[in-house]
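# have a look; sequence and predicted model below, questions after that.
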Amino acid sequence: MSLLKVRFNRWSHLFLPLSVLVILLLINLIKGVDYFKITMVNGVFYGNIPNILFGAAELVILSIGMTLVTAAACGQDISIGESGAISSAIFVQYVLNAGEVTIWTILAGFLLSCVAGMLIGAFNGTLVSYFNVQPMVATLILFLGGRSIAFIIDGKVSPILANPISNQIGTFIPGVPIQTPIILTVVFIVLVAVVLKTTNLRLYVEAVGVNPSAARLNGINPKKIIFLTFLIMGVCSAVAGFLAVNKAGRHDSVNLLKFIMMDAILAVALGGNSLAGGKFSITGSIIGAYTIEVLNRTLLRLEVNPEAIKAFKAVFIIILMVIASPVVRAFARKLLDKAKTIVTGDSVRQTGALDEAVVSMTDSSGKEE
Amino acid sequence: AAEELIRVGIVNLPPEESGYRQANVEDMSRVFSRENGYDAKQTNTADVNEQMAAAMGYIRDGVDYLLISAAHASGWDDALLAAKRAGVRVILFDRAIDTDPSNYEAALLSDMHYEGQLATDWVLNNVPEPINLILIRGQLGSAAEIGRSAPVLNAAQEGKLNLVWDGTGGDTWSLEEARKVVEAAIAAGKDFNVIYAQNDGMAQGAVQALEAAGISHGKNGKVKIIGFDFNRFALRNVQAGYWDADVQCNPRQAAQIDQWIKSGNIPAGIVYQEEIILDTDTIIDEHIENYGINPDPGKGVITR
Amino acid sequence: MGPLNRSQTKARLSNSTLLFIIAGIIFLLMYGIALISFPVSFRQFQTFFDFFNLNAALFIVTLGMCIVMIGGGIDISVGAVCGLVTMACAMLLQSGTGNVWGALFLALGIGLAFGLMHGFLIAYLEIQPFIITLAGMFLAQGLLTTLHKEPLNVTIPAFVALRRFTIEIPWLGTVNRLGVFIPCEIKPSVFVVVVLVVIYAVMMKWSRFGRNLYAVGGNRQSARMLGINVKKTIFLSYVLCGLTAGISGFVFLMTTGAGNIGNGSLYEIKAIAANVMGGIMLNGGVGNLLGAPIGTLTLLTINELIRAAGVQSNLQAIVSGLLLYLFIVLQSIVMSLRDRRKFRLALPPWLRRFREHDQEEAAN
Amino acid sequence: MRSEIILRMEGISKSFPGVRALHNVDFVLRRGEIHALMGENGAGKSTLIKILNGVYEKDAGRIILEGRPVHFKSPQDAQNMGIGTVFQEIALCPNLTVADNMFIGRSRDAVVRWKQMNEKTAEMLNSLGIPASPTQELASCSLAVQQMIAIARAVDMDCKILILDEPTSSLDEDETKKLFALMRELKSRGVGIIFITHFIDEVYEISDTITVLRNGELIGEYETAALSQIELISKMMGKALSDVAAIKKHELSQSDASVPVFAAKDLSSTAGVRPFDFTIHEGEVNGFAGLLGSGRSESVRAFFAADKVTSGEVKIKGKRAKIRTPLDAMKQGIGYLPEDRKAEGIIGELSVRDNIILALQVMKGFFKPLSRKQAEEFANQYIQLLGIKTPSIDTPIKSLSGGNQQKVILARWLLTHPMYLILDEPTRGIDVGTKVEIQKLILKLAEDGMSLTFISSEIDEMLRVCSRLIVMKDREIVGELRGANLTEQNVMHMIAQGG
Ligand SMILES: Nc1ncnc2c1ncn2[C@@H]1O[C@H](COP(=O)(O)OP(=O)(O)OP(=O)(O)O)[C@@H](O)[C@H]1O
Ligand SMILES: Nc1ncnc2c1ncn2[C@@H]1O[C@H](COP(=O)(O)OP(=O)(O)OP(=O)(O)O)[C@@H](O)[C@H]1O
Ligand SMILES: [Mg+2]
Ligand SMILES: [Mg+2]
């Protein structure tokens, strides 16, 4: 029992993102029971679920980076789309200039774009950690100028990436029944999980996010950690850019990953993370990212008039957040308690793990003070 | 000879807005150059206030000609009046401004509505009945979206075609959004045979969704694909029969305006540029060479 | 132990004041450089007045954002609300059923409605402000596209007369290159800006609400312990911000006279940037309200600099980013210099984040 | 004869996830009474205060104020009803001015009258001898000054009930005296005062009545005069206090000639202490004595590079060592428990476990995380060793009581097995029982060969534990005392004369 309780407590922060996701899936199911139907097309799984996994690939990756930045720097990076556009522009240029395209060309180009991403991350990170500029403002610079840079790297055109390997990265590899971007997303998530498992990244980032001066006195260099999270963010942007451009087959520096920072930040928040930094849950953010993808597609599925689609999205977000809000949950818990006392006539305080989990969540999500 | 240079202030949209815009901006910079007898400055922004501020700046500077491609079609009256008072002659290019024609000298515009009409007519003439069309709109409220949507919506209202799905990229013209729209339509089990995407990128996204779902398209396929803008890759797709048609949107107004200014013979009111539609049967290499924008992937190359 | 013999401490600059002064000085410096490098444009008074004439709405939005930011929050719906108001008012005016007053009330009403919604959800349901105001932004944009997509000029005479009303200051005017005299003009919206700046500045400095807001922004927990109604204060700050966004929408309409989808787009980002440049911090509790207009002016000066310099088209966005970068770095360097020089001023803990521990004592 | 009751709390219960902080507690306060609320760390004193203030919602019980049942939803309500409170962790706004902090949340006027406010504040500060100016930002005041301002604010409120939750923990004796004078005056005006402290002497100096809590339960209410110190302590702890006299100093066997564990020469830091020399030998416990603000903390911070070191040379066991960052110091086997627990010690949102293993983890390095099992083992071991009261090792440290937080930080450093451990005010806010435990622990550690620096604002404590005291004044070392010379008299003398 108590072991179960501990387990439950450990996962309790996922209550918010999961409940939201479940509600959305239910709505979709009500709209049509064939929602989960999966068929085979050209030897690849096809259906709503694969589409969601495919479509959310970039957002998932970006929201991982955003989670780390948010946790350590207590602010958000709003230049992630631009940074993805720049690094993928470099990737595309490399591949286009390489002559014959082999898997190694692609790999080299990818690594190069990761380096570019890290440089961008270093630029933002320097501003935030060493110059103490607030993240949202530090990254505003690239948000404003980034697409122009990408455009210039592109040679002021929109180059086409029409080689078979890119094609396979963007769609599927013959014989593999799952689209490549989905596989790559999973690989990336696993990598992140491994990094979190084998390093102290989580502890360091959380310590810095919660109390930088205490972290410093325990031998952590908060500046370096914040810088590091921006480097990681840069890599995430590069990976997202890589996926996006291979999916698209063309580098459109204007529209590539446009306005994705809003969704990424929303994903982090939906994941139950405080945007004011501190403790974080990457699992939550990933679920949050998929939730947003599901939400966007739900709106399309409900055939909402394109003019009104944003208004509906807003209403959905508000309703979901209200349901999941700490106050409403605490209130619901009280009602539940009352109901229980009436039913059992018992003292309420001996309640089980669920209530406690709710309380502890209430505490942590109400923390942003 | 510096005094003889004609001073021009150009208020334009940012080149990184699209390939079309880049071509337009570059065309302007090329034609209104010092060698050509101009002293021109160009301000590129998509923000209404910034555009107006720039226009007012040029008016204060006292340029001879003020060329405007407006981000928004309305709200320019004050600036135009100020120009008039200051003796600055205004020529609109590319984008219309919704104001009294007496407020500017001349306008050389792309007629988005005409483009939409070209495409709609093509659909009505070339797609077998019943026409089940998916409309993918660009950035809502933009001149292009409004102009290119209207003829389709009209046709649908008149019962000439069925609008089975109507989606948008919202704030963007992005490929991904277009792809999602078509995916949603497929998932909803809609039967359709035309995709009317309001720019080439969105058409590309739509095609990707079809490919993934294993639905045939193009010349011999089930679904007809129409895009806009004459990107060379799009034209190659049309040429290859991978897509079906593409509508021109001509970014090159500078030469004409230059000629007007130099000749001193500026027509009053609006002049629309000539624009064409090409389909698999009518397209030839010269078109791609001369009218296309963005790089040419080469004959026979298709984007997926 | 023995008695304390500590000297009476001197009063010193607060962070808010210091940041404000830095912002002011950097703005003046920049304007000075602009005056020297591009005299043709910047020596005309009209250039300066046009900042206000054309961007009154931005100034106003920035004020509202400033209040929320001082309270430690953020409201990214302001631009969209402003845009929605322009269109709604334009439609009302054009429909012939409403007069100018009606439009004004509609503007206030829409702003207030958004403010109330944000305030309630954020303060009383404790939902993260970013999410709620992002939803608010989507809602406003969605309502706008649903209402009316096409651009809409307002042509009813009463309104046109109102917005055409200008105050000319002939003796500040200049003659342009073409030999035409351009008088210096001030639009009525400029007065709205001035009045609002004064009202808000007074409110932040002398009203109970203003002081409470600083306390809440500085440390919410402490503010509660000190007997401040934290929720109400936060609620009011969002209501005020929404209301201000409503006003800005009306002023926008007075500036351009047209409803448009893209009106006010990216205002939220500009407002945040302007405020930070004006020395108002995103984490709350720090900043002088007068910093908001200063920051906005800085932002606008950057634009005008780029225009006057005739920067090449492809580089304009990059250059404006770089100028912003210079500004921000300069601000940060001045702040850290202050630390090194032992100005005898401790930053509050949330600003002190990475600074070496207090050095103030050294000055003793 | 006892005066009328103004406050009665009956059957108060409060649980947090996993802890029962209060169980059926009664409490009575009378007019013109100074009522000490006593108990060990985590006994529930602060929680009781917070419930009275409406910070927490009580689970059960009633509060009767002047005969009428009341229900406060927030400190604001309580304040309006005439309850002034100084909370344990100073709850002021650091970004506001001193005057603002004095008056914010109190006035019902819509308009702030700065001039009047500043004048009143200046008057108040003057009369209490607080060295601050009304227009100064609070963040620029020291902890002690902030504490005094918080007190001044509560006093100035003209309240019926004044609550002081460990106000003296960051005050020195002189300021404490001032505070007591103030309390007596308020008492004579009929104000009921609830006073929480861990200093037994203070209780006997000032209080009329004592209520003792233990483990969230009421032990009883006693007249101060009728309860002996020993009795009080045993009531608080539930057992007798181990004999303080039994604590025996660990005298160094080695001579000073042996190589010191840590030696600094001409050390100074950006914090502003004058360059000074310092050595400590294996197994030695030394202390820094001096007045508030004399630079004790600044000195030891320089050892750990907690402030940027500007000059000087450090030798560890005779070998020159470069200590630029806290991490360098940790790698050289130095540990440092900072003075300001809230700002520099705890990582509030992180669990007790993470807080305990933090320093060890950092020393092991970024790429070598402890396994979960190991971490839990370590954490549990030290929770037991120091008797940390926490519902579980996963509880965020911020929800522990103040004293228990302090113990967690202590555990953090003990876990790293440092060669030289610097403890700056480790006993602040710690209950009597634990204080003695900590003192014993220090001596035991020293016996095992660890060197320690122990700073406390209680001179007795230092005299009991330290074999050598370094006396500071005005950020300069004015002398050193050891052996038989180690008496309070001598320390005072040195402070008065030196410099
Ligand atoms: N917000 C909270 N969440 C969870 N537990 C809490 C919270 N506040 C207090 N507690 C728990 O309640 C118990 C009583 O704490 P309280 O702060 O009242 O102790 P205290 O008597 O004031 O101790 P100290 O002398 O150390 O200040 C402790 O075990 C603590 O862990
Ligand atoms: N003259 C002063 N005026 C205001 N604050 C002072 C003054 N002197 C010292 N302080 C404050 O007191 C705090 C403690 O100072 P310091 O650490 O130097 O002394 P200390 O000897 O360690 O005293 P303690 O540890 O008892 O506070 C410092 O952080 C400083 O802010
Ligand atoms: Mg306590
Ligand atoms: Mg100290």
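Perfect, thanks for sending it. Ligands and ions are numbered 1, 2, ... in the order given.
# could you pull out the helices in chain C for me?
Ranges of helices in chain C, per DSSP state H, are C:15-37, C:39-42, C:45-70, C:78-95, C:100-119, C:129-147, C:157-164, C:188-206, C:208-218, C:220-225, C:230-256, C:267-277, C:291-309, C:316-340.
# how about the stretch 1-150 of chain A?
A:2-11, A:15-31, A:48-55, A:57-73, A:80-97, A:103-125, A:135-138, A:140-153 (DSSP state H, counting those that start in this stretch).
# just name the most buried of these.
Comparing those by mean neighbour count (mean count of other C-beta atoms under 10 Å in any protein chain shown), helix A:57-73 comes out on top with a mean of 30. Heads up, the C-betas are built off the backbone N, CA and C, glycines and all.
# kindly reformat the helices of chain C as CSV containing distance to chain A, mean pLDDT and mean neighbour count.
Output for the helices of chain C, formatted as CSV (distance: least, C-beta to the nearest C-beta, whole Å; pLDDT from 0 to 100; neighbours: other C-beta atoms under 10 Å in any protein chain shown):
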stretch, distance to chain A, mean pLDDT, mean neighbour count
helix C:15-37, 12, 89, 18
helix C:39-42, 22, 84, 16
helix C:45-70, 10, 93, 27
helix C:78-95, 9, 94, 27
helix C:100-119, 8, 96, 21
helix C:129-147, 3, 93, 25
helix C:157-164, 26, 88, 15
helix C:188-206, 20, 94, 18
helix C:208-218, 9, 93, 25
helix C:220-225, 4, 90, 25
helix C:230-256, 9, 95, 27
helix C:267-277, 5, 92, 27
helix C:291-309, 10, 92, 24
helix C:316-340, 3, 82, 18
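# A:Y94 is nearest to which of these?
helix C:316-340 (21.6 Å; C-beta to C-beta).
# redo the helices of the stretch 1-150 of chain A as TSV? Include distance to A:K197 and mean pLDDT.
TSV is the format used below for those (distance: least, C-beta to C-beta, whole Å; pLDDT from 0 to 100):
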stretch	distance to A:K197	mean pLDDT
helix A:2-11	15	59
helix A:15-31	21	87
helix A:48-55	23	93
helix A:57-73	15	96
helix A:80-97	25	95
helix A:103-125	21	96
helix A:135-138	27	90
helix A:140-153	32	91
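# the ones you listed: which one's closest to D:K389?
helix A:2-11 (18.5 Å).
# and the residue of the stretch 151-300 of chain D found nearest ligand 4, how many neighbours?
Nearest to ligand 4 in the stretch 151-300 of chain D, going by C-beta to the ion, is D:S297, at a distance of 3.0 Å. D:S297 has 24 neighbours, counted by other C-beta atoms under 10 Å in any protein chain shown.
# from D:A343, how far out is it?
Look at D:S297 and D:A343: by C-beta to C-beta, to the nearest Å, they are 13 Å apart.
# ok, the residue in the stretch 101-250 of chain A positioned nearest to chain C - contacts?
Minimum separation of the stretch 101-250 of chain A from chain C (C-beta to the nearest C-beta) falls at A:G145, amounting to 3.1 Å. For A:G145, the contact set (C-beta atoms under 8 Å, 6 or more residues apart in numbering or on different chains) comprises A:E82, C:A317, C:I318, C:V319, C:S320, C:G321, C:L322.
# in the residues you listed, find the pair that's most separated.
A:E82 and C:V319 (15.6 Å).
# give the contact list for whichever residue of the stretch 51-200 of chain C sits closest to ligand 4.
In the stretch 51-200 of chain C, the residue that lies nearest ligand 4 is C:G72 (30.5 Å; C-beta to the ion). Counting by C-beta under 8 Å, 6+ apart, C:G72 touches C:V216, C:G217, C:G218, C:R220, C:N283, C:G284, C:G285.
# so the last one touches C:I70, yeah?
Think C:G285. Yes: if you go by C-beta atoms under 8 Å, C:G285 and C:I70 touch, sitting 6.7 Å apart.
# list residues touching both of the two?
Counting by C-beta under 8 Å, 6+ apart, the shared contacts of C:G285 and C:I70 are C:Y214, C:G217.
# just the strands in chain B please.
B:6-12, B:38-44, B:65-68, B:89-94, B:106-109, B:132-137, B:162-168, B:194-197, B:224-228, B:245-247, B:269-272, B:277-279 (DSSP state E).
# sheet partners, orientation included, of the third one?
Think strand B:65-68. Applying DSSP bridges to the sheet, strand B:65-68 is found paired with strand B:6-12 (parallel), strand B:89-94 (parallel).
# so how far is that strand from its chain's centroid?
20 Å (C-alpha atoms, centre = their mean, to the nearest Å).
# ok, now the last one?
In terms of C-alpha atoms, centre = their mean, the centre of strand B:277-279 is set 15 Å apart from its chain centre.
# what parts of chain D come near ligand 1?
Listed as neighbours of ligand 1 in chain D under the rule C-beta under 6 Å from any ligand atom: D:16, D:19, D:21, D:39, D:41-47, D:88, D:389, D:399-404.
# residue nearest the centroid of the chain?
Picked chain A for this. Central residue of chain A (C-alpha atoms, centre = their mean): A:S63, 2.0 Å from the mean position.
# oops, wrong one, chain C.
By C-alpha atoms, centre = their mean, the most central residue of chain C is C:T62, 1.7 Å off.
# who's in contact with that residue?
Contacts for C:T62 (C-beta under 8 Å, 6+ apart) come out as C:K270, C:A271, C:A274, C:N275, C:G278, C:A292, C:P293, C:G295, C:T296.
# which residue does the stretch 151-300 of chain B bring closest to chain D?
B:D171 (35.8 Å).
# what are the phi and psi angles of that residue?
The phi and psi torsions at B:D171 (degrees, to the nearest 10) take the values phi -90, psi 0.
# then the one 3 residues further on?
The phi and psi torsions at B:S174 (degrees, to the nearest 10) take the values phi -90, psi 150.
# and it, how many neighbours?
Using other C-beta under 10 Å, B:S174 has 27 neighbouring residues.
# any idea how far it is from B:Q198?
12 Å.
# how about the residue nearest to D:R320 when sequence neighbours are not counted, secondary structure?
Counting by C-beta to C-beta, 6 or more residues apart in numbering or on different chains, D:E313 is the residue found nearest to D:R320 once chain neighbours are left out, at 6.6 Å. Classification of D:E313 using DSSP: H, G, I helix; E, B strand; the rest coil returns strand.
# for D:Q439, same thing?
Applying three-state DSSP: D:Q439 is helix.
# surely it and D:L463 touch.
No: assessed by C-beta under 8 Å, D:Q439 is found out of contact with D:L463, at 11.0 Å.
# follow-up on the earlier one: make a markdown table out of the contacts of C:T62 and add distance to chain B.
Shown next, in a markdown table, are the contacts of C:T62 (distance: C-beta to the nearest C-beta, whole Å):
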| residue | distance to chain B |
| --- | --- |
| C:K270 | 9 |
| C:A271 | 13 |
| C:A274 | 13 |
| C:N275 | 18 |
| C:G278 | 19 |
| C:A292 | 17 |
| C:P293 | 16 |
| C:G295 | 16 |
| C:T296 | 11 |
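# and which of these is nearest to ligand 2?
C:G278 (30.1 Å; C-beta to the nearest ligand atom).
# contacting residues for the residue in the stretch 51-200 of chain D that ligand 1 sits nearest to?
Closest residue of the stretch 51-200 of chain D to ligand 1, C-beta to the nearest ligand atom: D:Q88 (5.6 Å). In this structure, D:Q88 makes contact with D:S46, D:I49, D:D165, D:E166, D:I196, D:G402, D:G429, judged by C-beta under 8 Å, 6+ apart.
# could you identify the pair within those that is furthest apart?
D:I49 and D:G429 (14.4 Å).
# chain neighbours aside, what residue packs nearest to the closest residue to ligand 3 within chain C?
Residue of chain C nearest ligand 3, by C-beta to the ion: C:M225 (13.8 Å). Ranked by C-beta to C-beta, 6+ apart and with sequence neighbours excluded, the top spatial neighbour of C:M225 is D:A91, at 3.5 Å.
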